[in-house]
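Trainee: need a 3D model of the sequence below.
(4 chains)
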Number of protein chains: 4
Amino acid sequence: MPEPRDPDFARRVRASFARQGMMRLLGAELLAVEPGRVVIAAPVRPETSQQHGYAHAGLAWTIGDSAAGYSALSLTGAGEEVLTSEMKIHLLAPAEGARLLAEGRILRAGRRLIVAAADVWAEDGDAPRRHIATMLGTMIPLRADR
Amino acid sequence: MPEPRDPDFARRVRASFARQGMMRLLGAELLAVEPGRVVIAAPVRPETSQQHGYAHAGLAWTIGDSAAGYSALSLTGAGEEVLTSEMKIHLLAPAEGARLLAEGRILRAGRRLIVAAADVWAEDGDAPRRHIATMLGTMIPLRADR
Amino acid sequence: MPEPRDPDFARRVRASFARQGMMRLLGAELLAVEPGRVVIAAPVRPETSQQHGYAHAGLAWTIGDSAAGYSALSLTGAGEEVLTSEMKIHLLAPAEGARLLAEGRILRAGRRLIVAAADVWAEDGDAPRRHIATMLGTMIPLRADR
Amino acid sequence: MPEPRDPDFARRVRASFARQGMMRLLGAELLAVEPGRVVIAAPVRPETSQQHGYAHAGLAWTIGDSAAGYSALSLTGAGEEVLTSEMKIHLLAPAEGARLLAEGRILRAGRRLIVAAADVWAEDGDAPRRHIATMLGTMIPLRADR
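Mentor: The predicted model follows:
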């Protein structure tokens, strides 16, 4: 686990998450906040379905992007924020199940840009979770007061 | 404008859109359905915001992905569906404004896969719209009854 | 056409191109150097083929990446350089023909990063050129003396 | 290690590699051919440099794309081939060293498409190898006789 530059990183991640109306709309919650690793869960509900009743890819993308972004934020300095610059997703299987779990991780934490990844799984009771998406993208650290 | 293979393409697009719970949750609506070009709009609301009050990137991604996917669906044959296989988004500017507009288009419509793109703009009253995102990805046409 | 920040941009692009051993190895040449638009051509030869005798995708990628990168460099200030941070390519058709042409363009020229695109065509005598690839990626401007 | 569908997979990979003029031009060689895992190496030479003397990103891309593609080919049936449909690369560090190593792996081997990844390292004598690039893309399996 990488060393965080800001010992107060978890508070910053939680405060930013709490300000996102979209996370509330999707019913998302933070399951883990560690240096370089953040896990977010969201229920699969009819309101976030696509045309066949599975979770919409937009649900997987949105919590995966946030998991990647907060994984990046956890490694920045106090007073910094993080923006997604670009993000790729591969959808590997239908998002079928009771909830989705997105786990972010960091491939390269530079001063000018951060390369982050996320994987998304679908859970359903006691069945083994399924890997439904993998994501890879670029985050930009910024001074919050710029 | 490419020739549609199914003269009834617009009805298929509208019926699929109406079945997506996620489109209702986001307040999205279909503004245009033409062969190879679909436009979707969604309001920017506190419920779909990120931590600074702009629209969450997940809103842009979700309507952009749907615009690209329905642009692809509009060129398939009767009884076919379309799945997103992979998608890249570049976020070009903050999603600030009253609503977002996503316009899909097709770069290559093959039998086995369709290369689709989308651009997303933010509108605010009479101000010129701003280009906030561009997307490029792969759609897979499938028999609906498989 | 955007205004270049450095009136001497074309000389900087040509000097950098001349230092690339890879461009010589591939037989590539600069066909146009304008602000935000650079065109590179390379012959299709047995030495750069893939297993079916078409041009290897690596040829299209390499001249496309350089066309995108030099399009970005043409808009930077004197004493700056440009690195590719990430790049996506879609291969749209086999690279069949006598030579490939790659044309770069800029979607967003920021201070911290530049979003660039390229399209690659295959030419064969008087036949209409074919669009064989499209690329989209992120370039990072850097001080050359850092 | 996944079970290969064709016990003769390694011969097919080696035969296809031998037909690629581009692999010879770059001095590339096959270091490992296993089901779902292929490793390719190429020397860093002045002929394949970029403007600062490091290896050109096109060298990393080309051997990485081939490593991913042959990893996919190793899991297909007899008489099948594989084409790259789209490929993303993140360049993580300068390609400095004596040679590059690209290792392909498979995330999802479907009947219609294969999601493949590759990582590229730079080696220099006894120093620990450096991770210089990560790649992720889509391969299409095709009948060779189509």
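
Trainee: for chain B, tell me whether the strand of greatest length in chain A is touching it.
Mentor: Assignment by DSSP state E gives strand A:127-143 as the longest strand of chain A. No: using C-beta under 8 Å from any C-beta of the partner chain, strand A:127-143 stays clear of chain B, with a minimum separation of 8.5 Å. Where you see a C-beta, it was placed from the backbone N, CA and C, and this is true even at glycine.

Trainee: now do the SS call for the residue nearest to the spatial centre of chain A.
Mentor: In chain A, the centroid-proximal residue (C-alpha atoms, centre = their mean) is A:Ala67; its distance is 1.5 Å. With DSSP: H, G, I helix; E, B strand; the rest coil as the basis, A:Ala67 sits in helix.

Trainee: that one and A:Trp121 touch, don't they?
Mentor: No: using C-beta atoms under 8 Å, A:Ala67 is not in contact with A:Trp121; the gap is 11.3 Å.

Trainee: picking that back up, for the residue nearest to the centre of chain A, give me its contacts.
Mentor: By C-beta atoms under 8 Å, 6 or more residues apart in numbering or on different chains, the contact list for A:Ala67 reads A:38-40, A:102-104, A:118.

Trainee: how about a markdown table for the residues you listed, with distance to chain B and secondary structure added?
Mentor: Formatted as a markdown table, these follow (distance: C-beta to the nearest C-beta, whole Å; DSSP: H, G, I helix; E, B strand; the rest coil):
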| residue | distance to chain B | secondary structure |
| --- | --- | --- |
| A:Val38 | 14 | strand |
| A:Val39 | 17 | strand |
| A:Ile40 | 12 | strand |
| A:Ala102 | 12 | strand |
| A:Glu103 | 17 | strand |
| A:Gly104 | 14 | strand |
| A:Ala118 | 13 | strand |
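
Trainee: closest to chain C among these?
Mentor: Checking the contacts of A:Ala67 against chain C with C-beta to the nearest C-beta, the nearest one is A:Ala118 at 15.6 Å.

Trainee: what's the pLDDT at the closest one?
Mentor: Listed pLDDT for A:Ala118 reads 98.

Trainee: so how many other residues sit close to it?
Mentor: Neighbour count for A:Ala118, taken as other C-beta atoms under 10 Å in any protein chain shown: 29.

Trainee: contact partners for it?
Mentor: Going by C-beta under 8 Å, 6+ apart, A:Ala118 touches A:64-65, A:67-68, A:71, A:102-105, A:134-135.

Trainee: at 7 Å instead, please
Mentor: Residues in contact with A:Ala118 (C-beta atoms under 7 Å, 6 or more residues apart in numbering or on different chains) are A:64, A:67-68, A:102-104, A:135.

Trainee: give the other helices and strands that the longest strand of chain A contacts.
Mentor: Other elements packing on strand A:127-143 under the criterion 3 or more C-beta pairs under 7 Å, 6 or more residues apart in numbering or on different chains; DSSP states H and E are helix A:57-73, strand A:80-91, strand A:114-124.

Trainee: want to throw these into CSV with distance to A:Met22?
Mentor: Below are these laid out as CSV (distance: least, C-beta to C-beta, whole Å):
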stretch, distance to A:Met22
helix A:57-73, 6
strand A:80-91, 13
strand A:114-124, 16
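
Trainee: roughly how far apart are A:Leu92 and A:Ala122?
Mentor: Per C-beta to C-beta, to the nearest Å, A:Leu92 is found 10 Å from A:Ala122.

Trainee: of the helices and strands packed on strand A:127-143, flag the one that's most buried.
Mentor: Of all these, helix A:57-73 carries the top mean neighbour count, a mean of 28, counting by mean count of other C-beta atoms under 10 Å in any protein chain shown.

Trainee: one step back: need the max-distance pair from the contacts of A:Ala118.
Mentor: Distances among the contacts of A:Ala118 were taken as C-beta to C-beta; the most separated pair is A:Glu103 and A:Met135, at 10.3 Å.

Trainee: more crowded one of these two?
Mentor: A:Met135 (24 against 21).

Trainee: ok, so of the contacts of A:Ala118, who is nearest chain D?
Mentor: For those, the nearest to chain D is A:Met135 (9.5 Å; C-beta to the nearest C-beta).

Trainee: that closest one and A:Ser71 touch, don't they?
Mentor: No: if you go by C-beta atoms under 7 Å, A:Met135 and A:Ser71 don't touch, sitting 11.2 Å apart.

Trainee: enumerate the residues of chain A near chain B.
Mentor: Proximity of chain A to chain B, by C-beta under 7 Å from any C-beta of the partner chain, involves residues A:16, A:19-22, A:25, A:46-51, A:56-59, A:61-62, A:65, A:84-91.

Trainee: ok, and which of those residues reach chain D?
Mentor: Checking these against chain D (C-beta under 7 Å from any C-beta), the matches are A:88, A:90.

Trainee: quick one: common contacting residues for A:Leu92 and A:Ala122?
Mentor: Common neighbours of A:Leu92 and A:Ala122 (C-beta under 7 Å, 6+ apart) are A:Ile132.

Trainee: tell me the secondary structure for A:Met22?
Mentor: When classified by three-state DSSP, A:Met22 comes out as helix.

Trainee: now A:Arg12
Mentor: Of the three states, A:Arg12 takes helix under three-state DSSP.

Trainee: contact partners for it?
Mentor: A:Arg12 is in contact with A:6, A:73, counting by C-beta under 7 Å, 6+ apart.

Trainee: again, only using 10 Å
Mentor: Applying C-beta atoms under 10 Å, 6 or more residues apart in numbering or on different chains to A:Arg12 gives the contacts A:6, A:33, A:70, A:73-74, A:76, A:78-81, A:144.

Trainee: which bits of chain A sit near chain C?
Mentor: Residues of chain A found near chain C (C-beta under 10 Å from any C-beta of the partner chain) are A:85-86, A:88, A:108, A:110, A:112-113, A:115, A:136-138, A:140-142.

Trainee: in JSON lines, list the residues you listed along with distance to D:Asp126.
Mentor: Conversion of the residues of chain A next to chain C to JSON lines gives the following (distance: C-beta to C-beta, whole Å):
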{"residue": "A:Ser85", "distance to D:Asp126": "37"}
{"residue": "A:Glu86", "distance to D:Asp126": "37"}
{"residue": "A:Lys88", "distance to D:Asp126": "35"}
{"residue": "A:Arg108", "distance to D:Asp126": "24"}
{"residue": "A:Gly110", "distance to D:Asp126": "27"}
{"residue": "A:Arg112", "distance to D:Asp126": "31"}
{"residue": "A:Leu113", "distance to D:Asp126": "31"}
{"residue": "A:Val115", "distance to D:Asp126": "27"}
{"residue": "A:Leu136", "distance to D:Asp126": "31"}
{"residue": "A:Gly137", "distance to D:Asp126": "34"}
{"residue": "A:Thr138", "distance to D:Asp126": "33"}
{"residue": "A:Ile140", "distance to D:Asp126": "36"}
{"residue": "A:Pro141", "distance to D:Asp126": "35"}
{"residue": "A:Leu142", "distance to D:Asp126": "40"}
